[in-house]
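# Quick one, structure for this:
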Amino acid sequence: MTDTMSRTDTIRAVADDLYAARAALEPIDFIRHRLADGDLEAAYEVSELNTQRREREQGLRRVGRKVGLTNPMVQAKAGVNQPDYGIVLEDMVFEDGVVRPRSAFIKPKIEAELAFVLKHDLLSSDLDAIVAAIDYVVPAMELVDCRYHNYRMSILDTVADNAACEGLVTGTVRRAYGEVDLDEVEMVLYRGDTEVTRGVGRNVLKGPINAIAWLAETSLKIGRPLLAGEILLSGSIGMIVDWDADVTYTATFSHGFGSVSATLQTKDSPHA
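All right, here's what the predicted structure looks like:
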């Protein structure tokens, strides 16, 4: 942040640059040096400004949130030691088997995780209240993209960029919370027929429910509680991997969760 620009002006300028980068699909330099060191609040303000702008200009609704940086392996790779969160808008949600155009992404990556859907507003971060608010759990993939030249982001960079969230894909199997031990759910992600990463539910903050608890508490602190109907991505069970075009990625889950798949296609599809 320069001496000649106020904090508010800097936040707006950074938000404008990231918004333009997303619209043009042209990466920009990291924004970490434009914000005060460690100013996570400013980074979240950047992200919030761009979410509000998409709501205002594109008429989109908020339908969910994602927790990122929950897996210790992913944290180590990103050089951070805490989770972050991003917002999911209605045009970011896709069904199992979706085909997305490569031309809609800058540097696409993909993760496999479990998603929670709420049946009523969550006005407490108490674990019993969180469990009572969960409608069901589904297998999911997060479609990841960033507006930078590479993924060597600091936490300021990723938070400002909506935690690098560009969408999610949900599977068809719905399980009630408590029906299975989510900490023990095993996931294997395949690129075509080749395994690219695997993991187990406890990789996510020692259990996916802990990621939802962190999100619930954080959301209450900022005055935006989790709401009924929201889809909540709990974080990557395995490693984040490159999402290559023209090959289907499929994540299989144990404990009866089935699978979920997505394809990135070089030639734009009318079904994307």
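# C-alpha from now on. contacts and neighbour counts both.
OK.
# Now residue 122. Its backbone dihedrals?
The phi/psi pair for residue 122 (degrees, to the nearest 10) reads phi -110, psi 100.
# list the contacts for the residue nearest to it when sequence neighbours are not counted?
Spatial nearest neighbour of residue 122, excluding adjacent residues (CA to CA, 6 or more residues apart in numbering): residue 226 at 5.3 Å. Each residue near residue 226 by CA atoms under 8 Å, 6 or more residues apart in numbering is listed here: 121-123, 216, 219-220.
# ok, so of those residues, who is nearest residue 53?
Minimum distance to residue 53 across the contacts of residue 226 is 19.9 Å, recorded for residue 219 (CA to CA).
# what about that closest one, how many residues close to it?
By other CA atoms under 10 Å, the residues close to residue 219 number 19.
# Name the helix or strand for it, please.
In this assignment (DSSP states H and E), residue 219 forms part of helix 208-221.
# That helix packs against which elements?
strand 62-68, helix 127-133 (3 or more CA pairs under 8 Å, 6 or more residues apart in numbering; DSSP states H and E).
# Please enumerate residues in contact with it?
Here helix 208-221 makes contact (CA under 8 Å, 6+ apart) with 67, 70, 85, 114, 122-127, 130, 182-183, 201-202, 204-205, 225-226, 232, 234-235.
# One more: stretch 151-166?
In this structure, residues lying in contact with stretch 151-166 by CA under 8 Å, 6+ apart are 15, 18, 30-32, 38-40, 43-47, 66, 68, 78-80, 84-88, 92, 142-147.
# Show the buried residues in those.
Buried by 16 or more other CA atoms under 10 Å: 15, 18, 30-32, 40, 43-47, 66, 68, 78, 84-88, 92, 142-147, out of the contacts of stretch 151-166.
# Counting neighbours, what do you get for residue 118?
22.
# which one is it nearest to, not counting chain neighbours?
Nearest one to residue 118, counting by CA to CA, 6+ apart, is residue 134 at 4.5 Å.
# For that neighbour, give its distance to residue 143.
Using CA to CA, to the nearest Å, we find residue 134 at a distance of 23 Å from residue 143.
# one step back: strands - which of the buried ones among the contacts of stretch 151-166 land there?
The strands, defined by DSSP state E, take in 66, 68, 84-88, 142-144 from the buried ones among the contacts of stretch 151-166.
# Neighbouring strands of the one helix or strand residue 99 maps to in the sheet, and parallel or not?
Assigning secondary structure by DSSP H and E places residue 99 in strand 98-101. With DSSP bridges as the test, strand 98-101 is paired with strand 258-265 (parallel).
# which non-adjacent residue is nearest residue 246?
Excluding the flanking residues, the one nearest residue 246 by CA to CA, 6+ apart is residue 265, at 4.9 Å.
# How many residues are close by that neighbour?
Residues lying near residue 265 (other CA under 10 Å) number 18.
# Please report the distance of it from residue 249.
Look at residue 265 and residue 249: by CA to CA, they are 12 Å apart.
# got the contact list for residue 107?
Applying CA under 8 Å, 6+ apart, we find residue 107 in contact with 145-146, 150.
# switch to 7 Å and redo it
By CA atoms under 7 Å, 6 or more residues apart in numbering, residue 107 lies in contact with 145-146.
# now swap in the one 4 residues further on and tell me
For residue 111, the contacting residues are 141-143, 236, 239-241, by CA under 7 Å, 6+ apart.
# same thing with residue 244?
residue 264.
# re earlier: highest average neighbour count across the helices and strands packed on helix 208-221?
Compared across the helices and strands packed on helix 208-221, strand 62-68 shows the largest average neighbour count, a mean of 22 (mean count of other CA atoms under 10 Å).
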